[in-house]
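Peer 1: Here's a sequence, model it:
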Amino acid sequence: MPRHFFELDIDIDAPGRWYLREPTDVDGKPVPDIWAFVSGKTVMDPGTLRVPLSRPGQPLDFDKTTVAGTPIVSGRIASVFRELALHDVQLFPVEVEGQAEPFYLLNVMRVIRCIDDAACEEARRWTPENGRPDKVGEYHVVSGLRIDTTQVGNAAIFRPWGFLLPIILDGDLKAALEHAGIVGGRFVEV
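Peer 2: I've put the predicted structure just below:
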């Protein structure tokens, strides 16, 4: 039976949802590199972090910060990632403003070269003519994301090479998150 994969993204239609700012240290100083948590690489433990709210509202099991898109998950959802994707994620405890329950910063450490350019609605890569030599070959625009599942192997969670914004899950991990009652996340098949 073929495996199915899904992008996990925020549910912007969650009623009364909160909005999260970027993490800070315990003294309120900004984290030096907010992009480190969305780069698809292992990061050193940043120590205790706080996540302030940019708009109070209903706590969500899955959300992303407003600038870098750093994923923040509830303790209940973190336990699913620990059980099914332990070697592909890092979970760092964070204190979310106004919340006594545990929350975690989710760092997805696996990156797979798997975007199916021809199957996407649009997939354009950076070229030398774009004037960004550091980006040449990576994706400049991707819409209607589709992946080549033959390139994924046994991965349960990853980010696609060259376009690190999406978090991609396999169907088993998606089903486990749904079974846990995830609030704030939505799934789109890729």
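Peer 1: Report the central residue of the chain.
Peer 2: Ile167 (4.4 Å; C-alpha atoms, centre = their mean).
Peer 1: okay but that one is in contact with Phe6, surely?
Peer 2: No. The criterion here is C-beta atoms under 8 Å, and Ile167 misses it with Phe6 at 9.4 Å. Glycine gets a C-beta too; all of them are placed from N, C-alpha and C.
Peer 1: those helices in this structure, which residues are they?
Peer 2: Ranges of helices in the chain, per DSSP state H, are 75-85, 171-179.
Peer 1: Of all the ones you listed, which one is nearest Leu20?
Peer 2: helix 75-85 (14.6 Å; C-beta to C-beta).
Peer 1: so what does the closest one touch, helix or strand wise?
Peer 2: With contacts defined as 3 or more C-beta pairs under 8 Å, 6 or more residues apart in numbering; DSSP states H and E, helix 75-85 has these neighbours: strand 89-96, strand 103-108, helix 171-179.
Peer 1: So which residues make contact with the shortest one?
Peer 2: Okay, so that is strand 103-108. 23, 37, 40, 42-43, 46, 49, 51, 70-75, 78, 81, 88-96, 157-159, 167 (C-beta atoms under 8 Å, 6 or more residues apart in numbering).
Peer 1: Any of these buried? List them.
Peer 2: Buried members of these, scored by 16 or more other C-beta atoms under 10 Å, are 23, 37, 40, 46, 49, 51, 70-74, 78, 81, 88-92, 94-96, 157-159, 167.
Peer 1: Now do the contacts for Pro128.
Peer 2: Shown in contact with Pro128 (C-beta under 8 Å, 6+ apart): Val136.
Peer 1: Okay, it and Glu138: tell me how far apart.
Peer 2: Distance check for Pro128 against Glu138: by C-beta to C-beta, to the nearest Å, it reads 13 Å.
Peer 1: likewise Arg132?
Peer 2: Counting by C-beta to C-beta - Arg132 and Glu138 are separated by 9 Å.
Peer 1: Over to Pro56?
Peer 2: According to C-beta to C-beta, Pro56 stands 37 Å off from Glu138.
Peer 1: again with Val96
Peer 2: 32 Å.
Peer 1: where are the low-confidence patches of the chain?
Peer 2: Low-confidence segments of the chain (pLDDT under 70): none present.
Peer 1: Need the outlier residue of it, farthest from its centre.
Peer 2: Relative to the centre of the chain, and counting by C-alpha atoms, centre = their mean, the farthest-placed residue is Glu129 at 30.2 Å.
Peer 1: ok, now how distant is the nearest residue to Ile77 once chain neighbours are set aside from Val31?
Peer 2: What sits nearest to Ile77 in space, not counting adjacent residues and going by C-beta to C-beta, 6 or more residues apart in numbering, is Asp61, at 4.6 Å. Going from Asp61 to Val31 by C-beta to C-beta gives 22 Å.
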